[in-house]
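**Student:** Fold the following for me, if possible:
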Amino acid sequence: MSRTAQYVGVVGPGSDVTEEVLAEAAEVGRLLAIAGCIVVTGGLGGVMEATSRGASVAGGVTVGILPGAVRDEGNEHLTIALPTGMGEMRNALLVRTCDAIICVGGSWGTLSEVALAVRTGVPVVMVRGWDLPEGPLPAPDASAAVELALTLLDQR
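**Tutor:** Residues are numbered from 1 along each chain as shown. Coordinates of the predicted model:
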């Protein structure tokens, strides 16, 4: 693992997720791993697990910043599970850990991560998410989202 590797967070709902969103998340994880990025999620289910699975299958490194205090609550595809005991407040840790964020789908917790990223200047790319007036850049699919996120990182 290189010190210069980019840390890209992938955020999205942990439950009530369509198969299309899960497939998109897995593809985002896979493409980020192929690009040599460290993939950071909230470490639980739904989009987080699908992203971690996609990255893991491609040989990538996955980090889960968990809301609870128990390492074992993380999904099985995590390389590193970091229990915080902070509940939803761990969203700020996730955002501040990352060089860019890709949002896949949406939930209230996801929206908080997007807002924190925009507020702190972390680039955000959104696929299958909301149409927000400023901040996140929309992407039509996983491939375009990863390409856009990597371009934004190159520009920093």
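
**Student:** Show the model's pLDDT score for Gly14.
**Tutor:** For Gly14, the model assigns a pLDDT of 94.

**Student:** residues in contact with the nearest residue to it once chain neighbours are set aside?
**Tutor:** If the residues on either side of it in the chain are set aside, Gly14 comes closest to Gly46, at 4.0 Å by CB to CB, 6 or more residues apart in numbering. C-beta coordinates here come from the backbone N, C-alpha and C atoms, glycine included. Residues touching Gly46, when contacts are defined by CB atoms under 8 Å, 6 or more residues apart in numbering, comprise 12-17, 22, 25.

**Student:** One more pass at 6 Å, please.
**Tutor:** Contacts of Gly46 were listed using CB atoms under 6 Å, 6 or more residues apart in numbering, and they are 13-15, 17.

**Student:** Over to Thr62?
**Tutor:** Going by CB under 6 Å, 6+ apart, Thr62 touches 39, 52, 55-56, 78-79.

**Student:** From the residues you listed, which land in strands?
**Tutor:** Secondary structure assignment (DSSP state E) places Val39 from the contacts of Thr62 within strands.

**Student:** From the contacts of Thr62, keep the buried residues only.
**Tutor:** With neighbours counted by 16 or more other CB atoms under 10 Å, the contacts of Thr62 contain buried members at 39, 52, 55-56, 78.

**Student:** If I look at the residue in the chain sticking out farthest from the centre, what pLDDT would I see?
**Tutor:** Largest separation from the mean C-alpha position in the chain: Pro133, at 21.1 Å (CA atoms, centre = their mean). As summarised for this prediction, Pro133 has a pLDDT of 77.

**Student:** can I assume it sits in a helix?
**Tutor:** No - following the definition DSSP: H, G, I helix; E, B strand; the rest coil, Pro133 is coil and is not counted among the residues of a helix.

**Student:** any idea how far it is from Ala5?
**Tutor:** 32 Å (CB to CB, to the nearest Å).

**Student:** what's the least confident helix or strand in the chain, going by average pLDDT?
**Tutor:** Taking mean pLDDT, DSSP states H and E as the measure, the helices and strands of the chain show their lowest mean at strand 137-138, namely a mean of 90.

**Student:** Give the pairing partners of it; include direction for each.
**Tutor:** Each strand pairing with strand 137-138, determined using DSSP bridges, is listed with its direction: strand 124-127 (parallel).

**Student:** May I have the strand it pairs with exported as PDB, CA atoms only?
**Tutor:** What follows is strand 124-127 as a C-alpha-only set of coordinates in PDB (Å, rounded to 0.1, in the frame of the first residue of the first chain):
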ATOM      1  CA  VAL A 124     -18.200  14.800  -4.200                       C
ATOM      2  CA  VAL A 125     -19.500  12.800  -7.200                       C
ATOM      3  CA  MET A 126     -23.000  11.500  -7.100                       C
ATOM      4  CA  VAL A 127     -24.500   8.600  -9.000                       C
END
